[in-house]
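**Student:** Here's my sequence, what's the structure:
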Amino acid sequence: MDTLTNSLSENQRTLDTLLGVGRNYDVINRDLYVGSRKGRLYVIDGYGDDGVIERIISFLLGRGGDLAAEAADMQDFIDRCVTFCEVDCENNVDKVLKGAFIGKTILLLEGFDYCAMIDAKQFPGRSVEEPSDGKVLRGSHDGFTETMVQNTALLRRRIRDTHLTLESHQVGGRSRTDVVLAYMDNQADPKDLEELRRKLEQIDVGSIAMSQESVAEAIVKPQWYNPFPKVRYTERPDTATACIMEGSIVLLVDNSPSVMIMPTSLFDFMEEANDYYFPPLVGTYLRYLRMVVLLLALFITPVWYLLVKDAGRVPGALQFIVPEEPGSVPLLVQLLLLDFVVDLLKLASLNTPDALSNSFSMLGALILGDFAVQARWLVPEVLVYMAFVAIANFAQPSFELGYALKLIRMLFLILVAAFDVWGLIGGIIGLFLLLASTKPILGRGYLYPLIPFDGKAMGRLLVRQPISGKNS
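**Tutor:** Presented below is the predicted three-dimensional model:
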């Protein structure tokens, strides 16, 4: 049936079947009498707050029984007898099931064709701690968790403004994952908001198993050949708060400690929280350092390989960059192989127990360093340049951008090997065309504020602006 009826036994049979009472060990049900009315409670074990539910039942079995006799319908009963503040009246079976699966306590009573959905839930979760990939030397050391209520509270704590809007949606056919749009209703672009709502409504997948990544893939226009990220992620509440205050939209997905910031352009990845926890001059220096390191990570190995391919084109002052001995393995293979090995070491370190991590690091350093050079598999110059590239990748706040640069750098190496200097020139032109054709989820363009050009926005990007007060 689609809706509840006045018959408690009929409603019980329906919910027992759909919730899997007896089949699912974590579906708890309890029969009780509220005055002269028989009723039943349903709650998912592990979601319900035992202390709150016990106090509610204690009141219903006591003074609530006298008040229940006077109730004309379920809403009247809720107003008289339910002491908890977060409670809804519902008779649509599908919505009742959704409420139960997100942790609400369901109360059925004989003679009422509506039920009470009491939001006395307490999700299991970890403590609010600083994310490992977004540490700062100054500033707050808290981070988002996998619990939506905690994450929205971290935003509310920082933005005590009536214009802050937290708009709830549900996506995924089976998972019915909660998604929240956080924005300032007087600053966010209404067209961007409407476009994002439309994209969320059009998501047609059975499950959002990978949380924010599943949502991002469902709302991004497919460009399988394009490795550049179209969404910026952060696990820091202060970063998300700053973006909201600047007019951006933050998308929070339940069960994920990462939030998505939109609209996003390529230049947004140049900013980091550390820029704003230091004076403007220091923040500007850190920003330029990050830009320079990004360019070096992209071009240092292709340019070096282009030069040493033909030692005659290397100026006398730069002869030291030419390997004394080429090694047994071609330079191109060495460079590509080390790129793969660095990723292999990253994956291996993720699966290495903490007790063995130091031994693993020593083993990797010996094999890739001294032993590989002695065996003439690698030349020392290749190790130096690839070590710099590996460190430079960690200097970027976005893992997704780091891997995009890696793939482009490997493509540049192959083009240089095939077409020499024209290969590098063609690769740079192709990279610019790829960036110009990248379609972000929202916003004016992936290269904004360069294309289309916005002088003020470009100035804020290039120079960390001080916070000016009324008395300055």
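**Student:** Any stretches of the stretch 251-400 of the chain with poor pLDDT?
**Tutor:** Within the stretch 251-400 of the chain, the segments meeting pLDDT under 70 span 326-327, 354-376.
**Student:** can you map out the strands along it?
**Tutor:** 259-262 (DSSP state E, counting those that start in this stretch).
**Student:** can you map out the helices along it?
**Tutor:** Under the criterion DSSP state H, counting those that start in this stretch, helices of the stretch 251-400 of the chain are mapped to 280-309, 331-350, 357-366, 372-374, 380-394, 399-437.
**Student:** Show me what the residue nearest to V43 when sequence neighbours are not counted bridges to in the sheet.
**Tutor:** Counting by C-beta to C-beta, 6 or more residues apart in numbering, V43 lies nearest to T105, which is 4.5 Å off, once chain neighbours are set aside. The C-beta positions use only the backbone N, C-alpha and C, and glycine is treated the same way. Beta-bridge pairing for T105 (DSSP bridges): I118.
**Student:** Just give me the neighbour total for T105.
**Tutor:** 27 (other C-beta atoms under 10 Å).
**Student:** if I pick it, what's in contact with it?
**Tutor:** 41-43, 48, 53, 56, 117-121 (C-beta atoms under 8 Å, 6 or more residues apart in numbering).
**Student:** and the residues you listed as TSV, adding neighbour count?
**Tutor:** Formatted as TSV, those follow (neighbours: other C-beta atoms under 10 Å):
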residue	neighbour count
L41	20
Y42	25
V43	24
G48	21
I53	20
I56	23
M117	22
I118	26
D119	16
A120	21
K121	20
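**Student:** residue ranges for the helices of the stretch 51-200 of the chain, please.
**Tutor:** Going by DSSP H, counting those that start in this stretch, the stretch 51-200 of the chain shows helices at 63-68, 74-81, 93-101, 148-158, 190-201.
**Student:** who touches the helix or strand that comes right after the longest one?
**Tutor:** Counting by DSSP states H and E, the next helix or strand C-terminal to helix 190-201 is helix 212-219. Helix 212-219 is touched from outside by 171-172, 177, 179, 196, 199-200, 202-203, 205, 207-208, 230-231, 233, 251, 253, 256, 258-260, 441, with contacts defined as C-beta under 8 Å, 6+ apart.
**Student:** angle of helix 212-219 against helix 190-201?
**Tutor:** Inter-element angle recorded for helix 212-219 and helix 190-201: 100 degrees (by axes from the mean of the first three to the mean of the last three C-alpha atoms, to 10 degrees).
**Student:** Report the buried residues of helix 212-219.
**Tutor:** 212-216, 218-219 (16 or more other C-beta atoms under 10 Å).
**Student:** Likewise for stretch 59-67?
**Tutor:** 59-60, 64-65, 67.
**Student:** give me the number of residues near the nearest residue to V308 once chain neighbours are set aside?
**Tutor:** By the measure of C-beta to C-beta, 6+ apart, the closest residue to V308 outside its immediate chain neighbours is V322, 5.3 Å from it. By other C-beta under 10 Å, 13 other residues sit near V322.
**Student:** Now do the contacts for V322.
**Tutor:** Here V322 is in contact with 307-308, 311, 314 (C-beta under 8 Å, 6+ apart).
**Student:** related to what we said a few turns ago, narrow the contacts of helix 212-219 to those that are buried.
**Tutor:** Buried members of those, scored by 16+ other C-beta under 10 Å, are 171-172, 177, 179, 196, 199-200, 203, 208, 230-231, 233, 251, 253, 256, 258-260, 441.
**Student:** Could I get the pLDDT score of the closest residue in space to G65 that isn't next to it in sequence?
**Tutor:** Distances taken as C-beta to C-beta, 6+ apart place G35 nearest to G65, at 3.4 Å, with adjacent residues excluded. What the model reports as pLDDT for G35 is 85.
**Student:** So that it lines up with my notes, have the first residue be 51 from now on.
**Tutor:** Renumbered: residue one is now 51, and that last one reads G85.
**Student:** ok, now which ones touch G85?
**Tutor:** Counting by C-beta under 8 Å, 6+ apart, G85 has contacts 114-119.
**Student:** Now pLDDT and distance to L484 too, for the residues you listed, in a markdown table please.
**Tutor:** Shown next, in a markdown table, are the contacts of G85 (pLDDT from 0 to 100; distance: C-beta to C-beta, whole Å):
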| residue | pLDDT | distance to L484 |
| --- | --- | --- |
| G114 | 78 | 66 |
| G115 | 76 | 70 |
| D116 | 76 | 73 |
| L117 | 78 | 68 |
| A118 | 80 | 67 |
| A119 | 79 | 72 |
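**Student:** Return the member of these nearest to V513.
**Tutor:** Minimum distance to V513 across the contacts of G85 is 63.9 Å, recorded for G114 (C-beta to C-beta).
**Student:** what residues are up against the closest one?
**Tutor:** 84-85, 130-131.
**Student:** Next: F449.
**Tutor:** Per C-beta under 8 Å, 6+ apart, neighbours of F449: D183.
**Student:** what does L485 give?
**Tutor:** Shown in contact with L485 (C-beta under 8 Å, 6+ apart): 278, 316, 496-497.
**Student:** could those be laid out in a markdown table, adding neighbour count, secondary structure and distance to T402?
**Tutor:** Shown next, in a markdown table, are the contacts of L485 (neighbours: other C-beta atoms under 10 Å; DSSP: H, G, I helix; E, B strand; the rest coil; distance: C-beta to C-beta, whole Å):
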| residue | neighbour count | secondary structure | distance to T402 |
| --- | --- | --- | --- |
| F278 | 20 | coil | 30 |
| L316 | 19 | helix | 34 |
| Y496 | 23 | coil | 37 |
| L497 | 17 | coil | 40 |
